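K.L.:
Dropping a prediction and its sequence here:
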Amino acid sequence: MMLGNGYTDVPPGKLAAVVTSLEMRERPGKGRDPEQPGLTLRHVAAPATDWYRDLYRRIGTEWLWVSRLVMPAEELTSIIADPAVEVWAVLREGKAEGLLELDFREAGSCELAFFGLTPAIIGQGAGRWLMNRAIERAWSRSIRRFWVHTCSIDHPSALGFYIRSGFVPYQRQIEVFDDPRLSGLLPRDAAPHVPLIVTG
């Protein structure tokens, strides 16, 4: 169904986000690569589901990341344990504070499936450092396309950051989903930039 011009009501209990998909068709030139003393990137082969969800939650609660929390454990395990999916953790003092997930399951393509940092290391150049590692890893394989999507509920700098990193927008969609704060999946005070509407 195509939406026409004008306002469209969002059903009670639901959220709507504008999703922008972006891609790069060739490896970008080398840019700024800030040093990040104390941070390391570690490949996590076949990560435990509980470990993965804990990191995912610590990164994504503020941005209402929910897809991997509602996904059945068996389905999540089959994805993150797949040899064509790379899960990397950003470590500081031995604790995971960032997530990079690269999905090579589609031939000739790599999806930047998840990319994020916990509040403990945001705003210190770690995002640029991690993106540079993501680009290196993605293009180390024989791919023709590296792509990512972000949405209007994400960090306000996310879209611009991806464009500055060399991704080009190519598609816009509307995503409607259950507000995870109403079900108790995420705290009610999560994502204050997205007002909670309680009906009834």
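P.N.:
Good, I have the coordinates.

K.L.:
could you pull out the strands for the chain?
P.N.:
Under the criterion DSSP state E, strands of the chain are mapped to 14-24, 39-43, 85-92, 95-103, 109-117, 145-151, 168-178.

K.L.:
what angle separates the fourth one from strand 39-43?
P.N.:
Meaning strand 95-103. 50 degrees (axes from the mean of the first three to the mean of the last three C-alpha atoms, to 10 degrees).

K.L.:
quick one: the longest helix anywhere in the chain to strand 95-103, angle?
P.N.:
Assignment by DSSP state H gives helix 126-139 as the longest helix of the chain. Angle between the axes of helix 126-139 and strand 95-103 is 40 degrees (criterion: the same axes, to 10 degrees).

K.L.:
still on that earlier bit, rebuild the strands of the chain as JSON lines, extending it with mean pLDDT.
P.N.:
Listed next are the strands of the chain as JSON lines, based on pLDDT from 0 to 100:
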{"stretch": "strand 14-24", "mean pLDDT": "97"}
{"stretch": "strand 39-43", "mean pLDDT": "96"}
{"stretch": "strand 85-92", "mean pLDDT": "97"}
{"stretch": "strand 95-103", "mean pLDDT": "97"}
{"stretch": "strand 109-117", "mean pLDDT": "98"}
{"stretch": "strand 145-151", "mean pLDDT": "98"}
{"stretch": "strand 168-178", "mean pLDDT": "97"}
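
K.L.:
any weak-confidence spans in this protein?
P.N.:
Along the chain, the model assigns pLDDT under 70 to residues 1, 200.

K.L.:
how about the strands of the chain in CSV, adding mean neighbour count and distance to Gly123?
P.N.:
Every residue, glycine included, has its C-beta placed from N, CA and C. Converted to CSV, these look like this (neighbours: other C-beta atoms under 10 Å; distance: least, C-beta to C-beta, whole Å):
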stretch, mean neighbour count, distance to Gly123
strand 14-24, 18, 22
strand 39-43, 14, 14
strand 85-92, 20, 14
strand 95-103, 21, 13
strand 109-117, 22, 9
strand 145-151, 21, 18
strand 168-178, 12, 25
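
K.L.:
now those strands as a markdown table including distance to Arg32?
P.N.:
Shown next, in a markdown table, are those (distance: least, C-beta to C-beta, whole Å):
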| stretch | distance to Arg32 |
| --- | --- |
| strand 14-24 | 17 |
| strand 39-43 | 16 |
| strand 85-92 | 18 |
| strand 95-103 | 18 |
| strand 109-117 | 17 |
| strand 145-151 | 19 |
| strand 168-178 | 19 |
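
K.L.:
among those strands, which is nearest Ile59?
P.N.:
Smallest distance to Ile59 across the strands of the chain (C-beta to C-beta): 3.9 Å, for strand 109-117.

K.L.:
strands paired with the closest one, and their directions?
P.N.:
strand 95-103 (antiparallel), strand 145-151 (parallel) (DSSP bridges).
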